[in-house]
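Engineer: Sequence and predicted structure, then a few things I'm wondering about:
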Amino acid sequence: MTPQRSPAILVVDDVEKNARLLADVLAAKGYAHLHSASGEAALAAIAGRRPDLVLLDVMMPGMSGYEVCRAIRADPAHGDAAGGAW
């Protein structure tokens, strides 16, 4: 039997304290997590490893969470990815 992989969740937040808190909660629940501090970094991370869920901060410098979500949805390779914003 093949061990089941934990779902991977990408946390996108420019505030390190918020990202760390969310990462701790996710780790305690058994989720694998990745962190990106900007929208641009999130898009690069998604291109490298497709997460099961993307949690986006809405207000970030550079690309907002909404812009990142639109960019993900516009990409045919990732358009069906689940996402949420706070």
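Structural biologist: Thanks, I have the structure now.
Engineer: What lies in contact with the helix or strand hosting Leu22?
Structural biologist: Secondary structure from DSSP states H and E places Leu22 in helix 16-28. Here helix 16-28 makes contact (CB atoms under 8 Å, 6 or more residues apart in numbering) with 9, 11, 13, 33, 35, 37, 55, 57. Any C-beta I mention is one placed from the backbone N, CA and C, and that applies to glycine too.
Engineer: Ala44 versus the fifth one, what's the distance?
Structural biologist: What that stands for is His35. Distance check for His35 against Ala44: by CB to CB, to the nearest Å, it reads 13 Å.
Engineer: quick one, which of these two is more surrounded?
Structural biologist: For His35 and Ala44, the more surrounded residue by other CB atoms under 10 Å is His35, and the numbers stand at 17 against 11.
Engineer: how about the more buried one, what does it touch?
Structural biologist: 10-13, 19, 23.
Engineer: from the residues you listed, which two are the most distant?
Structural biologist: Val12 and Ala23 (11.7 Å; CB to CB).
Engineer: Could you give me the buried positions within stretch 25-35?
Structural biologist: For stretch 25-35, burial by neighbour count (16 or more other CB atoms under 10 Å) applies to 26, 33-35.
Engineer: So which of these sit within strands?
Structural biologist: Among the buried residues of stretch 25-35, the members found in strands (DSSP state E) are 33-35.
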